[in-house]
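Novice: Sharing a sequence plus its predicted fold:
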Amino acid sequence: GAVVSQHPSRVICKSGTSVKIECRSLDFQATTMFWYRQFPKQSLMLMATSNEGSKATYEQGVEKDKFLINHASLTLSTLTVTSAHPEDSSFYICSARSGVNYNEQFFGPGTRLTVL
Amino acid sequence: KQEVTQIPAALSVPEGENLVLNCSFTDSAIYNLQWFRQDPGKGLTSLLLIQSSQREQTSGRLNASLDKSSGRSTLYIAASQPGDSATYLCAASGYSTLTFGKGTMLLVSP
């Protein structure tokens, strides 16, 4: 149980285009989903927290107009990187938390974004 | 603000050795402490989660301990194998967020 998927697993795009990454909880309802970014040899840094049906809360230094987050249902959250630039190239990982066990997050397999 | 530090940053051992990875955190008001494994280019695999009321958790050759008062956790790996080679991350859980350390990159050579 507690499986989280991400799609796509890998994406390469041209500078200036937008990329959408999906995060799904497959066997539970995720009241909260989190988006992290990981640069090479660095730890995971929380970008934003999204609760179903409400606006996401962004961490300091994360541009909400550039990283659009939508949590339209209890099993799906999307992260859209708008007008992507090479410095946005990174590994993006989502996690999901159910309303049952509030203190445990279940992680997706990650999405490798490369912006040319 | 919670800060999590992992020592060492990298570790190389021969197969069969027992080893200890260290994690320290600055704010002892945590809900739990979690250890993850991350293979290159992959996501996170949860290894062990220790609730704040617990002292340790065990799974197979892995044993994780937690000392909240001193802000420390250790991950003990017994009889290491080449398949254990990966980066190990610890994360401290606050009310609603996880704070990760930078990880320990482990290489177990045959």
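Specialist: Alright, I've got the coordinates.
Novice: Run a quick neighbour tally on the residue in chain B that chain A sits nearest to.
Specialist: As assessed by C-beta to the nearest C-beta, chain A sits closest to B:G43 within chain B, at 3.9 Å. C-beta: built from backbone N, CA, C; applies to glycine. By other C-beta atoms under 10 Å in any protein chain shown, 20 other residues sit near B:G43.
Novice: Could I get the contacting residues of A:A84?
Specialist: Under the criterion of C-beta atoms under 8 Å, 6 or more residues apart in numbering or on different chains, the contact list for A:A84 reads A:C13, A:S15, A:G16, A:T17, A:S18, A:V19, A:L113, A:V115.
Novice: same question, A:Q6
Specialist: Residues counted as contacts of A:Q6 (C-beta under 8 Å, 6+ apart) are A:I21, A:E22, A:C23, A:R24, A:Y92, A:I93, A:C94, A:G108, A:P109, A:G110, A:T111, B:G43.
Novice: Excluding covalently adjacent residues, which one is nearest to it?
Specialist: A:G108 (3.9 Å; C-beta to C-beta, 6 or more residues apart in numbering or on different chains).
Novice: what about that neighbour, neighbour count?
Specialist: Neighbours around A:G108, by other C-beta under 10 Å: 27.
Novice: ok, now which ones touch it?
Specialist: Applying C-beta under 8 Å, 6+ apart, we find A:G108 in contact with A:V4, A:S5, A:Q6, A:C23, A:I93, A:C94, A:S95, A:A96, B:G43.
Novice: now A:L113
Specialist: So A:L113 contacts A:V11, A:C13, A:V19, A:I21, A:V81, A:A84, A:D88, A:S89, A:S90, A:F91, A:Y92 (C-beta under 8 Å, 6+ apart).
Novice: Surely it forms part of a helix?
Specialist: No. Going by DSSP: H, G, I helix; E, B strand; the rest coil, the assignment for A:L113 is strand, not a helix.
Novice: And the helix or strand where A:I12 lies, what does it pack against?
Specialist: Using DSSP states H and E, A:I12 sits within strand A:10-13. For strand A:10-13, the packing partners by 3 or more C-beta pairs under 8 Å, 6 or more residues apart in numbering or on different chains; DSSP states H and E come out as strand A:19-25, strand A:111-115.
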